[in-house]
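A.B. asks: Predicted model and sequence below, questions to follow.
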Protein chains: 2
Amino acid sequence: RDEHITLAHGAGGKATHSLIDAVFLDAFRNPLLEPLGDGAHIGETAFTTDSFVVTPLFFPGGDIGDLAVNGTVNDLAMCGARPRHLSAAFILEEGFPVAHLRRITASMAAAAQAAGVQIVTGDTKVVERGKADGCYIITSGVGTLDRPARLSAAAARPGDAVIVSGPIGEHGITIMLARGELDIEADLTSDTAPLADLAAGLLDACDDGQVRCLRDATRGGVATVLNEIAEASKVAIIVNEDIIPVRPDVRGACELLGIDPLYVACEGRMVAVVARECAETALAALHEHPLGRDAAIVGQVNDDPPGLVLLKTTFGGTRIVDLLVGDPLPRIC
Amino acid sequence: RDEHITLAHGAGGKATHSLIDAVFLDAFRNPLLEPLGDGAHIGETAFTTDSFVVTPLFFPGGDIGDLAVNGTVNDLAMCGARPRHLSAAFILEEGFPVAHLRRITASMAAAAQAAGVQIVTGDTKVVERGKADGCYIITSGVGTLDRPARLSAAAARPGDAVIVSGPIGEHGITIMLARGELDIEADLTSDTAPLADLAAGLLDACDDGQVRCLRDATRGGVATVLNEIAEASKVAIIVNEDIIPVRPDVRGACELLGIDPLYVACEGRMVAVVARECAETALAALHEHPLGRDAAIVGQVNDDPPGLVLLKTTFGGTRIVDLLVGDPLPRIC
Ligand SMILES: Nc1ncnc2c1ncn2[C@@H]1O[C@H](COP(=O)(O)OP(=O)(O)OP(=O)(O)O)[C@@H](O)[C@H]1O
Ligand SMILES: Nc1ncnc2c1ncn2[C@@H]1O[C@H](COP(=O)(O)OP(=O)(O)OP(=O)(O)O)[C@@H](O)[C@H]1O
Ligand SMILES: [Mg+2]
Ligand SMILES: [Mg+2]
Ligand SMILES: [Mg+2]
Ligand SMILES: [Mg+2]
Ligand SMILES: [Mg+2]
Ligand SMILES: [Mg+2]
């Protein structure tokens, strides 16, 4: 067969999942990789990696630097780990201004400090003009799993509550608008932020095992994360469109762009699935943290139909919400 | 000032060092990063990262896949660690053939198996045509530091012996020839190989502390690694040109290209600095391993002039060997 990589393979949705299953998991298969979590759980350590190829490099609310630190911090936090040490690899395009690199490293240093992690090792490669797009950054991270419970996308059970930690879609829409290709005015900034404290507060508030799963809603958005959980746990997830927090400017831009905010990437929001008994406690813990002020219980886990995500719409209907298909917003992270 | 990134900033030599010091270390500074070793020593764990942007992706003796696994395995081995777990991040160019990706992941899987490591986490991003060059791979690795002694480029002492583990420059010259731009015939293959077993054999053969430092001679070659050790340890290193193993085909190609094999990258060779008392034992241990069959004691550590590397030439003279300047062989790894 004559297959080629398309932008959709990088969008985090259906094509990404197929590629990971058919190529990467197939080649590398082992029990630590197989759960396909935000990071790998290796004994008391969590380990994760992400590349960042966002364009533009600088955007309202952040830049590729703090995005690269927060993104890896968040994948560790979603494992239930305390993020500790990061690596930072740079692929630079010949001709990239050193002044831009300094801005980026300064914001990485600030983000690392804010998240309580250290950048302890790195690498620097340069490619010829036209072989990159200014600056790509790849961070990996290790964190310590201090808690006994292991979070997993396969741990959701019927009756559990589904929580979203704040308004969705701000990062993706901010990046789209920052490209200036759309004639939309909006007062938006990226939600890029480190979620480790917020996640720790939630885990502390609940008993061991009551928090089933955490996932940061990055590429593919909340809809994609919910599908991953529904599939891994073999449960249905039903969410209520009216309760999912979306800022008016995001909603407006999404309408003009013809995309559903449920599929738009966040970089500082997470989905939590928690036992029904601790749902209110969990919500209260999130509300106490500045990044969780607008957290809401947006739905619940059912047993049927397994593997599907259903949305109760504003107009009283119910529809299936699938994985993201295609790539409406390329290179947002 | 109006500085821009040049290819020399990615060559591993003088410009890379300046950029790391002035930009990355300056922004990220902390005690774990500061020694600028092959990886960071975090308690009993070693942590490292490298990007791979080699062109062509497939070359005699290997491809970007095994290079990416072996490169990170080797940086962990140079820390004195046992390599355990790797991450693998891919930046793919739109249009890249999935069949090529399968070849690459198969060779990564084989290399991981050969080195006794698992790829436990990863990431996949896609950029538009013209924003990458087919496939870039970034691996990070964690390993366990099971031995009490900590290796360090700052630990060389006057009297120590300097060992090179095998013939140098094969990887770099193989890549140059694989590009087909030169009208040179040579029967060469890349030396890409995992050095963890070879390094462990050496460490086992010597007493704790007798092996001062290990470094894989990648970008910038043996000359650059020797300079790093001389500078960090504030010692002189004197090496004998006649004893440094170089295959005739490498020597011939270097003469035609006008480059010194001392500056050409290896991907399966290391420099070891060991206490004089264990030099012969160390050499014997290396000779026992297939990757160390041609290992040689090529020089020694002196106290004066501190920070300099001196070469006794074939013609009886002595000259200073500096860090690599410029980038004679871009994108070899
Ligand atoms: N090239 C790859 N090789 C091995 N595993 C991969 C690769 N790409 C992704 N994975 C694994 O697939 C799962 C999903 O990866 P993905 O990058 O979508 O997650 P994420 O990092 O949480 O999301 P994002 O990258 O949008 O922040 C993870 O478990 C990851 O380790
Ligand atoms: N962008 C960066 N940020 C932080 N540290 C960096 C960065 N680039 C390199 N370093 C650090 O500088 C030192 C030298 O890096 P370098 O990549 O030259 O070593 P290496 O990986 O052994 O060589 P190679 O990359 O040729 O295999 C290492 O300690 C590395 O962690
Ligand atoms: Mg994630
Ligand atoms: Mg991520
Ligand atoms: Mg490196
Ligand atoms: Mg190295
Ligand atoms: Mg290296
Ligand atoms: Mg990822």
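C.D. replies: Yes, it's here. Ligands and ions are numbered 1, 2, ... in the order given.
A.B. asks: Show me what the residue of chain A found nearest ligand 7 is bridged to.
C.D. replies: Distances from chain A to ligand 7, computed as C-beta to the ion, single out residue A:123 as the nearest residue at 6.9 Å. For glycine as for every other residue, the C-beta is placed from the backbone atoms N, C-alpha and C. Counting by DSSP bridges, residue A:123 is bridged to residue A:89.
A.B. asks: tell me what the helix or strand containing residue A:227 is packed against?
C.D. replies: In this structure, residue A:227 sits in helix A:221-233 according to DSSP states H and E. Secondary-structure packing of helix A:221-233 (3 or more C-beta pairs under 8 Å, 6 or more residues apart in numbering or on different chains; DSSP states H and E): strand A:211-216, strand A:236-240, strand A:270-274, strand A:309-312.
A.B. asks: Next, the buried residues of the next helix or strand after the second one.
C.D. replies: Sequence-wise, the next helix or strand beyond strand A:236-240 is helix A:248-257, with elements assigned using DSSP H and E. Of the residues in helix A:248-257, A:249-250, A:252-254, A:257 count as buried by neighbour count, 16 or more other C-beta atoms under 10 Å in any protein chain shown.
A.B. asks: swap in stretch A:238-249?
C.D. replies: Going by neighbour count (16+ other C-beta under 10 Å), the buried part of stretch A:238-249 is A:238-241, A:244-247, A:249.
A.B. asks: Same question for stretch A:7-21.
C.D. replies: Of the residues in stretch A:7-21, A:7-17, A:19-20 count as buried by neighbour count, 16+ other C-beta under 10 Å.
A.B. asks: And the helices in chain A?
C.D. replies: Listed in chain order, the helices of chain A (DSSP state H) span A:14-19, A:26-28, A:64-78, A:98-115, A:170-178, A:196-205, A:221-233, A:248-257, A:279-287.
A.B. asks: ok, and what's touching the last one?
C.D. replies: It refers to helix A:279-287. Under the criterion C-beta atoms under 8 Å, 6 or more residues apart in numbering or on different chains, residues A:161, A:163, A:165, A:198, A:201-202, A:204-206, A:210-211, A:272, A:274, A:292-293, A:295-297 lie in contact with helix A:279-287.
A.B. asks: show me what contacts the residue nearest the centre of chain A?
C.D. replies: The residue lying closest to the centre of chain A (C-alpha atoms, centre = their mean) is residue A:218, at 2.7 Å. For residue A:218, the residues meeting the contact criterion (C-beta under 8 Å, 6+ apart) are A:12, A:71, A:74, A:265-267, A:333.
A.B. asks: ok, and the most crowded of these?
C.D. replies: Comparing those by number of neighbours (other C-beta atoms under 10 Å in any protein chain shown), residue A:74 comes first, having 34 neighbours.
A.B. asks: List the contacts of it.
C.D. replies: A:38, A:194-196, A:216, A:218, A:267-268, A:270.
A.B. asks: switch the cut-off to 6 Å
C.D. replies: Under the criterion of C-beta atoms under 6 Å, 6 or more residues apart in numbering or on different chains, the contact partners of residue A:74 comprise A:195, A:216.
A.B. asks: confidence score at it?
C.D. replies: Predicted confidence (pLDDT) for residue A:74: 99.
A.B. asks: Tell me how far it lies from ligand 3.
C.D. replies: The spacing between residue A:74 and ligand 3, counted by C-beta to the ion, to the nearest Å, is 6 Å.
A.B. asks: And the residue of the stretch 51-200 of chain A closest to ligand 3?
C.D. replies: When you check the stretch 51-200 of chain A against ligand 3 by C-beta to the ion, the closest residue turns out to be residue A:75, at 4.5 Å.
A.B. asks: what about residue A:22, how many neighbours?
C.D. replies: 13.
A.B. asks: Outside of the lowest-mean-pLDDT helix or strand in chain A itself, list whatever touches it.
C.D. replies: Across the helices and strands of chain A, mean confidence by mean pLDDT, DSSP states H and E is lowest for helix A:248-257: a mean of 94. Helix A:248-257 is contacted from outside by A:169-170, A:173, A:184, A:186-188, A:261, using C-beta under 6 Å, 6+ apart.
A.B. asks: Can I get these in TSV including neighbour count, distance to residue B:230 and pLDDT?
C.D. replies: Compiled in TSV, the contacts of helix A:248-257 are given as follows (neighbours: other C-beta atoms under 10 Å in any protein chain shown; distance: C-beta to C-beta, whole Å; pLDDT from 0 to 100):
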residue	neighbour count	distance to residue B:230	pLDDT
A:169	31	54	97
A:170	29	52	98
A:173	29	53	97
A:184	14	58	85
A:186	18	57	87
A:187	8	57	90
A:188	25	53	96
A:261	26	58	97
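A.B. asks: got the contact list for the residue lying closest to residue A:247 once chain neighbours are set aside?
C.D. replies: Of all residues not flanking residue A:247 in the chain, residue A:167 sits nearest, at 4.9 Å (C-beta to C-beta, 6 or more residues apart in numbering or on different chains). The contact partners of residue A:167, by C-beta under 6 Å, 6+ apart, come to A:245-247, A:294.
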